[in-house]
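Chemist: What would the 3D arrangement of this be:
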Amino acid sequence: MTGAITWEFVTAIAGVLTVVAGIWRYLETRINRAELAAQDIRKDLETRVALLNSSLTTVQLMAAEKYASREVLKETKDEIIQHMERVQASVDRLSVRLDSAMRSRTAFGDDQI
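Modeler: From the prediction side, this is the model:
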């Protein structure tokens, strides 16, 4: 190629440049669509994460309200034990009173109940 530039050469260069520009435009369009799709997916995921966070917070709050802490359980257990000891003492006093009532009845000769 030592001569002047011919129309065939210019046409070939223009054709190659047109093909390269077409491929460039096609790839650019695909990349833009992919970026838009990625942004939509990101927004959807952020919405889902926010929803999961609020759901988790709600579940944690419900668990805290529904289930007692160790301290509350210990206090409740101690109160129940105190009440049971009082009931036991009352039953013991009742049995002593019944025994004394039965003795006094037998002392007066009332064996028939």
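
Chemist: after the helix or strand hosting Thr47 comes which helix or strand?
Modeler: Assessed by DSSP states H and E, Thr47 sits inside helix 7-66. Downstream of helix 7-66, the first helix or strand assigned by DSSP H and E is helix 70-107.

Chemist: shaky segments in this protein?
Modeler: 1-2, 68, 108-113 (pLDDT under 70).

Chemist: Show me how it divides into domains.
Modeler: 1-67, 68-113 (automatic domain parsing).

Chemist: circling back to that earlier point, distance from the chain centre to the helix holding Thr47, please.
Modeler: 29 Å (CA atoms, centre = their mean, to the nearest Å).

Chemist: Kindly report the same for stretch 57-74.
Modeler: The answer for stretch 57-74 is 14 Å, by CA atoms, centre = their mean.

Chemist: and the end-to-end length of that stretch?
Modeler: 27 Å (CA to CA, to the nearest Å).

Chemist: Need the residues that contact it.
Modeler: Thr76 (CB atoms under 8 Å, 6 or more residues apart in numbering). Every residue, glycine included, has its C-beta placed from N, CA and C.

Chemist: Which positions within stretch 51-65 qualify as buried?
Modeler: Going by neighbour count (16 or more other CB atoms under 10 Å), nothing in stretch 51-65 comes out as buried.
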